[in-house]
Structures are given as C-alpha cells and as structure tokens.
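>>> dropping the sequence and predicted coords here.
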Amino acid sequence: MSLEAASSSGRTLFFNASVVHTVSPTAPSAAAWCVIDGAFSGVGSLAVATAACGASAARVNLHGAVVVPGLIDSHLHLLYGGLKLARPQLDNASSAAEVV
C-alpha cells in the first residue's frame with residue numbers, strides 16, 4: 001500500500017519500525033504511531049497506536065526502517081541572496097499594474 005492510498009482513509013497506523021526518533025524528552029523512541037487526518041496520535045507501542053487508530057485504519061508496515069522527524073534546512077546562498085536583493089522584488093506580482 002502506498003502512503004498516498006493509506007492516508008486517504010484519514011487514519012493510518014505505521015508500525016514495525018526499527019528505531020523511531022520522536023525528539024520528545026518524555027518518549028524519545030517509539031515502535032508505532034497513528035496519524036489521524038494529518039496529526040500524530042498514539043505514539044508509542046503497537047498497542048497504544050492501534051488503540052488510537054482503531055481497527056479500520058489503513059496499516060503501513062515499515063519493514064524495520066529507521067524513522068526520524070522531517071528536517072527542513074532553511075538556508076541562503078550569500079551571493080545569490082545579495083544579488084536578488086539588488087533587483088526589484090516582483091515574485092508575487094500577478095499583473096502589469098502591480099509592477100508599475
């Protein structure tokens with residue numbers, strides 16, 4: 001089952017991960033978790049996640065994969081960023097009237 005198909009049901013149980021790093025000081029690792037309408041719920045043991053998701057949830061077996069939280073690396077290339085500031089900022093202009 002693809003993740004797209006699994007998430008369309010609104011409830012998805014992810015389980016059988018080798019190591020899940022939660023970045024939570026009270027529960028730094030987990031074996032399974034439930035996602036309900038895009039929000040995490042029932043993070044911990046398979047029993048906890050199953051109880052949160054319910055029996056009708058889509059199930060995704062991670063086959064022992066290591067899971068880490070998504071990281072967003074926001075950064076700037078100094079030369080490009082500086083050159084961009086030297087030009088008019090028209091990125092969000094949607095008409096000629098907004099440009100003039």
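In hand now; what should we look at?

>>> which residues does residue 51 contact?
residue 42 (Cβ atoms under 8 Å, 6 or more residues apart in numbering). In short, each C-beta sits where N, CA and C put it, glycine included.

>>> ok but it is inside a helix, no?
Yes. Counting by DSSP: H, G, I helix; E, B strand; the rest coil, residue 51 is part of a helix.

>>> tell me how far it lies from residue 11.
12 Å (Cβ to Cβ, to the nearest Å).

>>> ok, residue 73 - contacts?
Residue 73 touches nothing, counting by Cβ under 8 Å, 6+ apart.

>>> stretch 88-100: how far from the chain's middle?
33 Å (Cα atoms, centre = their mean, to the nearest Å).

>>> stretch 82-95 now?
30 Å.

>>> need the pLDDT of the residue nearest to the spatial centre of the chain.
Nearest residue to the geometric centre of the chain (Cα atoms, centre = their mean): residue 70, 5.8 Å. If you check residue 70, the pLDDT there is 72.

>>> ranges for the helices of this structure?
3-7, 46-53, 78-85, 96-99 (DSSP state H).

>>> out of those helices, which is closest to residue 16?
Checking the helices of the chain against residue 16 by Cβ to Cβ gives helix 46-53 as the closest, at 8.2 Å.

>>> quick check: mean pLDDT across the closest one?
91.

>>> how far off centre is that helix?
Relative to the chain's own centre, helix 46-53 is displaced by 19 Å; criterion: Cα atoms, centre = their mean.

>>> mind listing what's buried in that helix?
Using 16 or more other Cβ atoms under 10 Å as the test for burial, helix 46-53 gives 48-50, 52-53.

>>> these two touch, right, residue 13 and residue 55?
No. Residue 13 is beyond contact range of residue 55, at 9.7 Å (criterion: Cβ atoms under 8 Å).

>>> neighbour count: these two, which is higher?
residue 13 (23 against 8; other Cβ atoms under 10 Å).

>>> ok, the more buried one to residue 59 distance?
From residue 13 to residue 59 the distance is 5 Å (Cβ to Cβ).

>>> which stretches of the protein have low pLDDT?
Along the chain, the parts satisfying pLDDT under 70 run over 1-9.
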